[in-house]
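Asks: Sequence isn't available, so here's the structure alone:
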């Protein structure tokens with residue numbers, strides 16, 4: 001998960017409603033770990049994004065952000081009047097309104113958490129990519145956690161006086177003292193996948209869920225089905241997690257090229273992946289001058305903001321037969337899928353993985369392929 005963002009200072013538009021309470025029916029889940037509530041007010045319905053609720057419940061909502069002139073408000077469900085059958089007692093004593101902001105769904109059963117995440121993925125694809133996606137897309141559990149806990153192999157705390165430590169509240173710099181975070185793993189990350197070891201810089205990027213690297217490698221290789229002699233382009237390649245196994249799959253007659261923004265990661269990728277050719281630099285900028293030949297396969301594993309138009313258009317210009325898009329934000333994925341569609345590439349498969357239990361985050365692996373035209377495989 002990303003470090004907490006500094007809340008934007010918003011100009012108040014009229015009377016503040018912070019602290020006011022309303023009884024309300026909870027509507028559907030929304031992207032970001034909250035549910036939609038519509039409050040009937042004298043000046044019309046007001047949308048409130050409410051945390052700590054479950055769709056279908058009746059709750060008391062306390063407004064945490066908002067004034068009369070705002071389009072929407074934010075709030076917490078501070079009292080449950082009619083509970084959902086999916087509601088559970090949060091395992092963590094620091095989860096709840098006004099407490100640690102790290103987890104969104106501790107009050108929801110694990111199967112229901114995954115169902116809510118699947119709804120968000122489908123909703124984003126419908127709304128942003130105009131795709132009719134089945135609502136029963138499954139968010140798959142991943143080996144390596146214990147009932148959704150004990151999976152975060154890298155954790156950051158706020159140092160407090162007296163040697164204590166804490167976690168920040170939601171959308172705040174205020175700190176809640178904690179004894180122990182229940183999603184923190186007992187051990188740090190292991191940099192081994194399929195008997196291959198990876199060199200990773202201290203503080204460098206590596207998936208925080210212990211089951212994530214193997215799960216994502218398997219999903220990407222299954223989607224792309226790389227063949228001996230093919231060519232592959234690995235974008236936002238990190239230390240070469242996907243490149244390593246693409247090299248094995250395409251063999252000595254194939255080729256794998258990689259682009260990564262972090263120069264230190266590129267140096268490690270070259271160590272981790274013998275035979276790899278890699279370039280350090282901003283992906284869109286690099287692709288304007290390098291690797292402009294056709295590629296059979298492309299792996300896209302961008303940061304949370306997604307690949308965006310410049311990179312997507314560079315990818316389709318290489319005419320790959322298949323693109324595996326690894327996405328940690330369904331909204332960014334949906335936006336980029338819509339851009340691929342403008343250029344004749346359709347979403348042909350989608351898998352989602354619960355790499356961040358107890359939070360609203362979900363990882364997707366999408367396969368994009370050309371529509372209505374034969375694909376060509378290139379060989380070196």
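Replies: Yes, it's here. No experiment lies behind these values; they were computed from the predicted model shown.

Asks: What are the boundaries of the strands in the stretch 251-380 of the chain?
Replies: Using DSSP state E, counting those that start in this stretch, the strands found in the stretch 251-380 of the chain span residues 255-260, 277-280, 297-300, 322-327, 345-353, 363-370.

Asks: Turn these into CSV, columns for distance to residue 43 and mean pLDDT.
Replies: C-beta: built from backbone N, CA, C; applies to glycine. Converted to CSV, the strands of the stretch 251-380 of the chain look like this (distance: least, Cβ to Cβ, whole Å; pLDDT from 0 to 100):
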stretch, distance to residue 43, mean pLDDT
strand 255-260, 51, 98
strand 277-280, 54, 98
strand 297-300, 44, 98
strand 322-327, 38, 98
strand 345-353, 39, 96
strand 363-370, 39, 97
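
Asks: how about the ones you listed, which one is nearest residue 176?
Replies: Of all these, strand 363-370 sits nearest to residue 176, with 27.0 Å by Cβ to Cβ.

Asks: Run the angle between that closest one and strand 322-327 for me.
Replies: Here the directions of strand 363-370 and strand 322-327 differ by 150 degrees (axes from the mean of the first three to the mean of the last three Cα atoms, to 10 degrees).

Asks: For residue 65, see how far away residue 76 is.
Replies: As for residue 76, its distance to residue 65 is 10 Å (criterion: Cβ to Cβ, to the nearest Å).

Asks: With neighbour numbers in mind, choose between the two.
Replies: The residue with more neighbours, out of residue 76 and residue 65, is residue 76; 22 against 17, by other Cβ atoms under 10 Å.

Asks: pLDDT score assigned to the more buried one?
Replies: Note on residue 76: pLDDT of 98.

Asks: so it sits in a helix?
Replies: No - going by DSSP: H, G, I helix; E, B strand; the rest coil, the assignment for residue 76 is strand, not a helix.

Asks: Bridged to it, which residues?
Replies: residue 51, residue 62 (DSSP bridges).

Asks: does it really touch residue 99, like I thought?
Replies: No - here residue 76 does not reach residue 99: they are 10.0 Å apart, not a contact under Cβ atoms under 8 Å.

Asks: residue contacts, the residue lying closest to residue 149 once chain neighbours are set aside?
Replies: Distances taken as Cβ to Cβ, 6 or more residues apart in numbering place residue 182 nearest to residue 149, at 4.8 Å, with adjacent residues excluded. For residue 182, the contacting residues are 91-92, 149-150, by Cβ atoms under 8 Å, 6 or more residues apart in numbering.

Asks: domains in the protein, as residue ranges please.
Replies: Domain ranges of the chain: 21-87, 122-143+187-370, per automatic domain parsing.

Asks: right, and these - which one's nearest residue 174?
Replies: Closest to residue 174 of the domains of the chain is domain 21-87 (Cβ to Cβ; 12.0 Å).

Asks: If we ignore the residues flanking it in sequence, what's nearest residue 192?
Replies: Once flanking residues are discounted, residue 192 sits nearest to residue 198: 7.2 Å by Cβ to Cβ, 6+ apart.

Asks: before we move on, what about residue 49?
Replies: Nearest non-adjacent residue to residue 49, counting by Cβ to Cβ, 6+ apart: residue 34, 4.2 Å away.

Asks: Show the backbone phi and psi for the one you found.
Replies: Phi and psi for residue 34, reported as degrees, to the nearest 10, are phi -130, psi 170.

Asks: At which residues are the helices of the stretch 151-300 of the chain located?
Replies: Along the stretch 151-300 of the chain, the stretches classed as helices by DSSP state H, counting those that start in this stretch are 212-224, 241-250, 263-272, 283-287.

Asks: How far off centre is the shortest one?
Replies: I take that to be helix 283-287. 23 Å (Cα atoms, centre = their mean, to the nearest Å).
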